[in-house]
Each structure stands twice: as structure tokens, then as C-alpha cells.
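Participant: Okay, structure incoming, though there's no sequence with it:
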């Protein structure tokens, strides 16, 4: 046996997406990191070994402008470029390359940590070291660090260190959670194994193994959706073990899941009810994808009421948006639907106090084991949300090392600093502004070559008869003085519209009606109909205009994108098969979701008054994401012969050493790492493609950097030698498809 000792500032145990993002975040802040994973690949449940697709705050079409940024956003965008078809092995490489790009990370694959050295009394434990066995290499490795992160999912490290935790469901009266049981129990969500199928173009026979279950003797064929062409993510409901110990009975759970998978395939191939003659079973997972086990107790336990009320925490460090998604304890054998969903009106916030142990002073946790009740865990458990929590935990760990404080002391003494560092990283925070005193851009005057001042979508390509209510959302700044809609009218009628606000700035559903009006129209095609909508809100915010159903009226969808302008159709049918999911369709975000087929299909409308929603000074107003308004600069449509530019200037010369630019990558659009659905563009069209960074030196513009074929949201430039200047300019040469140049933020540092 080979004994080794590794000493790093931070040790991250668990190489799922939460651990990966934690390690990368800490490494980028200058700390040395050991990242330990007990499998041969990174990615956890998203890896090629398990193949669960990465879900997050978009809820796959429920929430608007909710796709994660920061490190998880980088992974989404890069995977879309390199792996648009969702090959799971290529996703493994995307994650691995992101880790290997960081010189401060030392990666230990195939290393199982099952020894923890900790001391102190039960109320104040401290981890001194962890020890892992590297399988296949016969290496016993001893890891020492100042801070440890338990990103194992099951929470083994914290358990061995004596961290307080829970397993199972809390009683309803503990947090007054409507979805909690009356009496606490040890029920958890079950585990799942997925499978892939393939049409090989010739007949393939199938003989089931001896242990395959005859599913016709179960409730599965009646209560679950089975189709011959489905595989992978469609079979998330092959779930079992919620009434067992999902860790200690993992082998039993695996065997039961295998018996059902091979039984389902026998049913598809040999029952005669499916068109499956040419199909073969291409891949079956060998590892149960666990959903739930230990949840550690932190200084705050997130609960159902926080999710639904979208509680704003002083120490918010990330957001989520997946529904509270709970499954019946019997899993695939239940006669209930496979899952039930409870949605907030938009994204919700996650506090840093839920990311560290209440009694182990140098342990943070990220992923599905954070401090949350079982009901709140129903939403925080999805992987993109675990990933952004991981980035926040890794950032917090780095600041703990730098400031020589515990995580609790960090939030008490350096909480604002933590948020500002996360914002500088373009992490997933909403509603927090850049207040970085070192950012010289905040002191600059900003001007642009041109600015988009007319908000209109006019190129009609697809008619929609108004059999259901439709809506358009757009920013109002400073005021709304008239709204026009492109319609065809089959006979004289009256069109009714309603103007609503969205309540909270992070929401995109109608909340309070401002005004209701109607206009009489005559029969005719291609008419621009005016409605006397007038509104001057106290501060810039989005308007939600509902056009009421009218069978005599046709509106038009466009293929012409306009950032800030999106379409809705009120849903009248379940968004998925009710045998599988219960989404409670009376909830606003379900009624007005993207699942009604209008994503990237805005409705043709125009405003009669000018807007200041896209003015140049937005790039230094502190917001990195849409929040009541787009918060970005947008130029007029570009031409082949004219470049667009954005310039920052100061009264006195400034010393410049570092520049950071964040472009628009359309966080409204849902992306996915695997094959659940395919998004057409490999690069977001809104992203700037070719650009130059210039400084004013000796009475002329000098090029600092020219970038071509950009596909990244945030670009950073560290100068080898500091420059002194009173002007900086970003020149946009081309985009990846959008007609206008779009920039979210510019930062400048000495």
C-alpha cells in the first residue's frame, strides 16, 4: 500500500456538479484545491454513468430569464457548442476540461473517502483531515485543509465528522409546510436507473433475463406512460426505494430497478403492442441515481414557505426555480402520478446560512445535502441548482481561507463581500447590484454609437387564431403611451386587452391589473390596431399585456427576436401527461409557461412611445441579469459597413490593468446537457461574435485586444502592463446572428 499526504487550502469531496463548481470557484480565487471523486468520471448523476439531464431554475420552460450563469452557465453554453446532440460521453469531457483548465485544482478520481479525523465537542467540531483509497492504484491518500466541502450527495463526510443532519420528512407543524406529512417519518425520494434504446434498421430479438419482472402484474402499464421510442430522460419515473434506506440498501434497490427495466423492455419488444421490431437495448445504467439521503442542519433551514414566498435573504448567494417536485414513496409501483409539482411565481433565493454546518465549524456543504426541509429539498435537489450552490460554497470557502474566518463568521462579517465577489464572477444572483468600489466603470460616463429606442416586432411569419388568451411582455421605461397589435380580423368584432404588472421584479406572470380596454375593429387583414394603454410606473418594470381570446381574430408570431419582448399563450391543457406529473394548472407560471410552443416566437406588436430600456448607461447600473427590465445596452440594427461601439470615459486619467465584459447570451432560453430536447443554435445568436477593446492613448484609439468567433458570455482581459487613460471603448464588429449589438456589463479595474 502506498501512503501519501496532500495538503491544500480547500478539499472538496464529491465530483458531481456541485463539487466541480465549488472547486473551480475556489481555484479561480487563488486557493489550492483538492477535488476528490469516487468514480472514474466527473458530473455525478449527470455523467455518462447515470445520465440524468441537468435541470435547473428554468424548470424546462416554466420560468422566464432563469437559466443559470456563472460556472454552470459556462458549462451549459460550451456543451451546446461542442455537443448539441447531447452525447453523454462528450458531456463528461466538457466537465473534465473545465476542471483541468484550473491550475490550482488537483483532481483525484476513483478515490473513495471513508475516513474523517475530527475533534471538538458535539456542538463545535472541526475537521482536521480526510483519507481516501484510490481504487486501482492502491494509494491511501491523507488530505489536510483549512476548509472542507461535503459535496458527496449522501453526506458521508459530514456524518463521519459528527455534523448534525436529518433523513426523511419533517412533520407539518415544524415549519407549517402544507406539503409535509402530519407526523415526521423516514420516507425519502427513491432512486432511478435509466436506459437508452436504438433503432438499428433491422429486426432484433430480445430474450429477457431470468430476473426480469413481468410488469403486466404491476400497476406500471396502467399508471405510467410507455412508448417504444422513449428512452433515457423519459423514464425518470422508474424509481424505487423511498421506503427503504437508499444508501444501505442500494444494491437491493439496483436489482429491483434492473428487474423492471428489463421487464419494460420485454413488454415493449414482445407484447405486440409496440412498433419495436428494429429496436435494441443500447445501454442500461449500473448505478442507481440517488435523489435523497442526509440533509445537514445549518444556521438556517430553507423550507416550503421560503420557496413559495420567494423570501429575500440578506445573505442570498444563489437562486433556484425548479418546482417543489415530490414523488410518491412507492415510486414506480404507486397508483398516484409519478410526481407532483408546486411552483412559486418565479425564482426563489437561497441563503448562505444553509450552506454550512451548524456544528462543524470548517465544513460547508453543496448539492442535495444542504440545510433544507424535505419539502424545500424537492426543488433545491436538481443539479443546475446544486451547481450554483456549489459555486457559492466554493467562493465562500475561498474567502474563509483568505480572511481566516469560519463560514459563520464570513456571513456575519463579510457577507456583502461574498455577494460582490459572486457578482464579479457572473454567478447566479438576482436582485443584487454591483457595488464594487474598485470597479472604475461605475464612475465613468457611458455613451454609445447608437441605442435601440423603438420597441417593435413586426415581421410576421406564423398566424395564431385567438382561441386562447395570448400575452406579450416588454419593459416600460419611462412610460407606456399606446400599444399596437398586428391582426387579421374575419368579421367586425371587439378586441379586449388588459395591462398588468408582474409584482416582483424577478417574476414574469401577471400580478395586478393596471387597466383594461377594448377596441372595435372591422374585417381585414394585416391591420395594426391601436389600444390606448397608458402607464408610468414609479421605476422601470415589465408590462404584461394580455390579449383576450376572440375566434374572429388572428395574431402573428415572428421569427424576429427582440431581447426583452417575449410571448405567452395561456395554457388550457396539462403541460405533460397527467399520469406522470401533476402540475396544478391554476398556478400562474404553469398557465403562462413556455411549454405552449412560443419560445423564440414573439407576437408582432409595437409601442408608439420611445423606450430608454436599452440605453448605454445600463452596462454600469449594477445588474447582470434581467430584473424588472433587461439591464443591458442594445444598439440599433447593425449594417455590414458600420460598427457599433460603447465607450467609457473619466474626467481624470485612470490606471487600468483588468477589463471584464459580459455579453447577452439570452438566459431566457433553456439549454440542456443531454438529449431531452435539442436547441438549434450552437451559439446564442445574441452573443457578440467579433469585437475589439481599445484605449485612448496619444490622441488615438489603440487596440488592446481583438476577439473573433466569441461564444462566451463573460470575457476577461488581464493586461501584462498597466495603462493610463481616460477613455476605453468596446467596438462590436459582428454578432452571432442577432441584428443588434448587445452588452450586459463592462467592468474596469486598476
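Facilitator: Looks like it arrived, so ask away. All values reported here derive from a predicted model rather than from experimental measurement.

Participant: Give the next helix or strand downstream of the host helix or strand of residue 76.
Facilitator: For residue 76, the enclosing helix or strand under DSSP states H and E is helix 70-82. Note on helix 70-82: by DSSP H and E, the next helix or strand toward the C-terminus is helix 88-100.

Participant: Any buried residues in whatever helix or strand residue 701 lives in, and which?
Facilitator: Counting by DSSP H and E, the element that carries residue 701 is strand 700-707. Applying a neighbour-count criterion of 16 or more other C-beta atoms under 10 Å, the buried positions in strand 700-707 are 701, 704, 707. (C-beta placed from N, C-alpha, C; glycine too.)

Participant: Ok, stretch 165-172 next?
Facilitator: So for stretch 165-172, counting by 16+ other C-beta under 10 Å, buried means 165, 166, 167, 169, 170, 172.

Participant: How far away from the center of its chain is the helix holding residue 76?
Facilitator: Centroid displacement of helix 70-82 relative to its chain, using C-alpha atoms, centre = their mean, to the nearest Å, is 11 Å.

Participant: do the same with stretch 253-266
Facilitator: Its chain's C-alpha centre and that of stretch 253-266 lie 31 Å apart, by C-alpha atoms, centre = their mean.

Participant: What mean pLDDT does stretch 55-62 get?
Facilitator: Confidence over stretch 55-62 (mean pLDDT, whole number) is 92.

Participant: okay, the buried residues of strand 700-707 in CSV with pLDDT and distance to residue 646 next?
Facilitator: CSV is the format used below for the buried residues of strand 700-707 (pLDDT from 0 to 100; distance: C-beta to C-beta, whole Å):
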residue, pLDDT, distance to residue 646
701, 97, 13
704, 96, 14
707, 98, 15
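
Participant: between those residues, which is nearest residue 228?
Facilitator: residue 707 (47.3 Å; C-beta to C-beta).

Participant: Beta-bridge partners for the closest residue to the closest one other than its chain neighbours, please?
Facilitator: Closest residue to residue 707 apart from its sequence neighbours, by C-beta to C-beta, 6 or more residues apart in numbering: residue 691 at 5.7 Å. The partner list for residue 691 in beta bridges (DSSP bridges) reads residue 707, residue 732.

Participant: can you give me the helices in the stretch 251-400 of the chain?
Facilitator: Using DSSP state H, counting those that start in this stretch, the helices of the stretch 251-400 of the chain run over 304-309, 374-380, 383-403.

Participant: so the helix holding residue 76 versus helix 88-100, what angle?
Facilitator: 140 degrees (axes from the mean of the first three to the mean of the last three C-alpha atoms, to 10 degrees).

Participant: contact partners of helix 70-82?
Facilitator: The contact list for helix 70-82, computed with C-beta atoms under 8 Å, 6 or more residues apart in numbering, reads 17, 20-21, 24-25, 54, 56, 67-68, 90-91, 94-95, 98, 384, 387-388, 390-391, 422, 425-428, 665, 667, 671, 673, 679, 681-684, 711-713.

Participant: Buried members of those residues into ChimeraX, please.
Facilitator: Applying 16+ other C-beta under 10 Å to the contacts of helix 70-82, the buried members can be selected in ChimeraX as follows:
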select :17,20,21,24,25,54,56,67,68,91,94,95,98,384,387,388,390,391,422,425,426,427,428,665,667,671,673,679,681,683,684,711,712,713
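
Participant: and the contacts of helix 70-82, which of them are in strands?
Facilitator: Counting by DSSP state E, those place none of their members in strands.

Participant: OK, contacts around residue 256?
Facilitator: Applying C-beta under 8 Å, 6+ apart, we find residue 256 in contact with 240, 241.

Participant: do that again at 7 Å, thanks
Facilitator: residue 240 (C-beta atoms under 7 Å, 6 or more residues apart in numbering).

Participant: any idea how far it is from residue 381?
Facilitator: 22 Å (C-beta to C-beta, to the nearest Å).

Participant: pLDDT value on residue 676, please?
Facilitator: For residue 676, the model assigns a pLDDT of 67.

Participant: ugh, wrong one, residue 590
Facilitator: For residue 590, the model assigns a pLDDT of 89.

Participant: cool, and residue 231?
Facilitator: Residue 231 is assigned a predicted lDDT (pLDDT) of 80.

Participant: Tell me the one of the buried residues of strand 700-707 nearest residue 493?
Facilitator: residue 707 (52.9 Å).

Participant: what's near enough to touch residue 140?
Facilitator: 1, 2, 3, 131, 133 are the contacts of residue 140 under C-beta under 7 Å, 6+ apart.

Participant: And these, which is closest to residue 307?
Facilitator: Using C-beta to C-beta, the contacts of residue 140 come closest to residue 307 at residue 131, 37.6 Å.

Participant: The residue nearest to that closest one when sequence neighbours are not counted sits in which helix or strand?
Facilitator: Among residues not flanking residue 131 along the chain, residue 115 sits closest, at 3.9 Å (C-beta to C-beta, 6+ apart). Residue 115 belongs to strand 111-119 when assigned by DSSP H and E.

Participant: Now do the buried residues in stretch 134-142.
Facilitator: 134, 139, 140, 141.

Participant: Next secondary structure after the lowest-mean-pLDDT helix or strand in the chain?
Facilitator: Least confident element among the helices and strands of the chain, by mean pLDDT, DSSP states H and E: strand 581-582 (a mean of 88). On the C-terminal side of strand 581-582, the closest following helix or strand by DSSP H and E is helix 588-591.

Participant: what's that following helix in contact with?
Facilitator: With C-beta under 7 Å, 6+ apart as the test, helix 588-591 has contacts from 62-63, 343, 345-346, 509-510, 570-571, 575, 583-585.

Participant: Mind listing what's buried along it?
Facilitator: By 16+ other C-beta under 10 Å, the buried positions in helix 588-591 come out as 588, 589, 590, 591.

Participant: where in the stretch 651-750 of the chain is pLDDT low?
Facilitator: For the stretch 651-750 of the chain, the stretches with pLDDT under 70 are 676-677.
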